[in-house]
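Student: can you look at this prediction? I've put the sequence above it.
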Amino acid sequence: MTIFEHPLIQHKISILRDKNTGTNEFRKLVEEIAMLEGFEALGDLPLQDVEIETPIEKCMTPMISGRKLAIVPILRAGLGMVPGVLALVPSAKVGHIGMYRDEESHIPHEYYCKLPNPIDERIIVVTDPMLATGGSAVDAITQIKEHGGKKIKFMCIIAAPEGVQKLHEAHPDVQIYVGHLDRELNENAYICPGLGDAGDRIFGTK
Ligand SMILES: O=P(O)(O)OC[C@H]1O[C@H](OP(=O)(O)OP(=O)(O)O)[C@H](O)[C@@H]1O
Ligand SMILES: O=c1cc[nH]c(=O)[nH]1
Ligand SMILES: [Mg+2]
């Protein structure tokens, strides 16, 4: 697991946590944090030499192919992180997995899945700002693997220790990137201190 200690990420997460931060600012911050996290998480994207002609001469020079990356947000809240990663790799493919957590049982239910096909050769970055019980991330990644996904990274903004443990146990091959590791879950399976309901704060639905 990688926990980002960069002061810019920590500063932006603190503003996210503030209950007085409105939708517009919250959305921008989620996007910016995703870009900062993505810069680090994509440090192993493969390069290939391509021929470029500079004003001086032809040369072989390394480039990233967007065909090597798929971003898969877990709806809804994971959508907020997509523009930040796309800013880094604009031609990446984007899949979607829709999951909602039952309010009583906290068990995730999948309601949508559309992934790039084929997906097996791509580095896949699954985005969701919140890793709480871990149920949504575990099920989404299981679904991606059933579609052939192999090289999977999970990127979140805030995680609870319970979620990290569950995700690591279920998918030990998945690299987990966390903006901040929080204290614990409360009786409603919300992260403490957390930032509340990320989906509602991104989309202004509360
Ligand atoms: O780790 P877990 O315990 O599964 O909880 C985390 C999930 O809960 C939230 O989604 P929610 O069900 O609120 O859906 P939403 O994104 O549409 O608001 C959040 O965005 C994660 O997907
Ligand atoms: O704290 C939490 C837990 C799950 N989902 C959220 O959006 N926030
Ligand atoms: Mg929600």
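Tutor: Perfect, thanks for sending it. Residues are numbered from 1 along each chain as shown. Ligands and ions are numbered 1, 2, ... in the order given.
Student: hey, let's count contacts and neighbours off CA atoms from now on
Tutor: Noted.
Student: what's near enough to touch residue 189?
Tutor: Neighbour list for residue 189: 106, 132, 133 [criterion: CA atoms under 8 Å, 6 or more residues apart in numbering].
Student: in JSON lines: the residues you listed, plus secondary structure, distance to residue 184 and pLDDT.
Tutor: Shown next, in JSON lines, are these (DSSP: H, G, I helix; E, B strand; the rest coil; distance: CA to CA, whole Å; pLDDT from 0 to 100):
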{"residue": "106", "secondary structure": "coil", "distance to residue 184": "15", "pLDDT": "96"}
{"residue": "132", "secondary structure": "coil", "distance to residue 184": "9", "pLDDT": "98"}
{"residue": "133", "secondary structure": "coil", "distance to residue 184": "10", "pLDDT": "98"}
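Student: quick one: end-to-end distance for stretch 40-58.
Tutor: Separation of the first and last residues of stretch 40-58 by CA to CA, to the nearest Å is 31 Å.
Student: meant to ask about stretch 88-107, not that
Tutor: This stretch, stretch 88-107, spans 33 Å end to end (CA to CA).
Student: can we start the residue count at 561 from this point?
Tutor: Renumbered: residue one is now 561, and that last one reads stretch 648-667.
Student: is it anywhere near ligand 2?
Tutor: No - judged by CA under 6 Å from any ligand atom, stretch 648-667 and ligand 2 are separated, with a smallest distance of 7.9 Å.
Student: which parts of that stretch are buried?
Tutor: 648, 649, 652, 653, 654, 655, 656, 657, 658, 659, 666 (16 or more other CA atoms under 10 Å).
Student: need the residues you listed in TSV with distance to residue 609 and secondary structure, can you?
Tutor: Below are these laid out as TSV (distance: CA to CA, whole Å; DSSP: H, G, I helix; E, B strand; the rest coil):
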residue	distance to residue 609	secondary structure
648	19	helix
649	17	coil
652	19	coil
653	21	strand
654	25	strand
655	27	coil
656	31	strand
657	33	strand
658	37	strand
659	39	strand
666	47	coil
